[in-house]
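Colleague: 3D model of this:
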Amino acid sequence: MNSQISSGMARPRPRLAHVAKSIVRFVRARQAATAVEFGLIAAPFLALLIAILQTGVVLLAQQVLQTATEQSARLIMTGQAQTSGWSASQFQQQVCNHATALFNCSGIYVTVQTFSSFSSVTMTNPVTNGQINTSLLQYTPGGDGDIVVVQTFYQWPLVLGPLGFNLSNMSGNSLLMVGTAAFRNEPF
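Modeller: Numbers count the residues shown, from 1 in each chain. Sure, this is the predicted structure:
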């Protein structure tokens, strides 16, 4: 009968000393410390690594676009584009020829403006509501001695990084890259 009573009774709660010993034992345990430390450090480390890689790729692409802009602008500066009668799309193709490694040619936008003096130069901002507005782009390569500004634009798609890292400045998680060249046309 005594065994029936003891088996039907609720087990007594562990004493406070037993709970304290369990906590101390948990804190002193070292078997999985490396795995726990890696788990705590892995997420920020990977986020930082992704951010560094994405920033490096964006800087490389920006430099490629700037170089393609400068090389193509030389065709206007020397008069080759004007004497050949190139249209805006033909000049855009020249920019694309210099930037094919990283860019989709259909995504490169070009504007060419002519000014009477360097102090009157204004840059085009073709962005309206987070999208490129192609109606703001123009193509006027000018003549001998004219001051010309060539700008190229490209929407670089971005991968949103962990922990909120985001370089986008346009809608659709993309970054507007701009290449610019300002110069005075040579006599041709």
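Colleague: What ranges does this structure have for its strands?
Modeller: 108-115, 127-128, 131-132, 147-157, 174-184 (DSSP state E).
Colleague: want to throw those strands into a markdown table with mean pLDDT?
Modeller: Shown next, in a markdown table, are the strands of the chain (pLDDT from 0 to 100):
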| stretch | mean pLDDT |
| --- | --- |
| strand 108-115 | 97 |
| strand 127-128 | 92 |
| strand 131-132 | 91 |
| strand 147-157 | 96 |
| strand 174-184 | 96 |
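Colleague: which one of these lies closest to residue 67?
Modeller: strand 174-184 (7.9 Å; C-beta to C-beta). Quick note: C-beta positions are derived from backbone N, CA and C, even for glycine.
Colleague: May I see the buried residues of that closest one?
Modeller: Neighbour counts over strand 174-184 (16 or more other C-beta atoms under 10 Å) mark 174, 175, 176, 177, 178, 179, 180, 181, 183 as buried.
Colleague: same deal with stretch 70-77?
Modeller: Within stretch 70-77, judged by 16+ other C-beta under 10 Å, the buried ones are 70, 72, 73, 74, 75, 76, 77.
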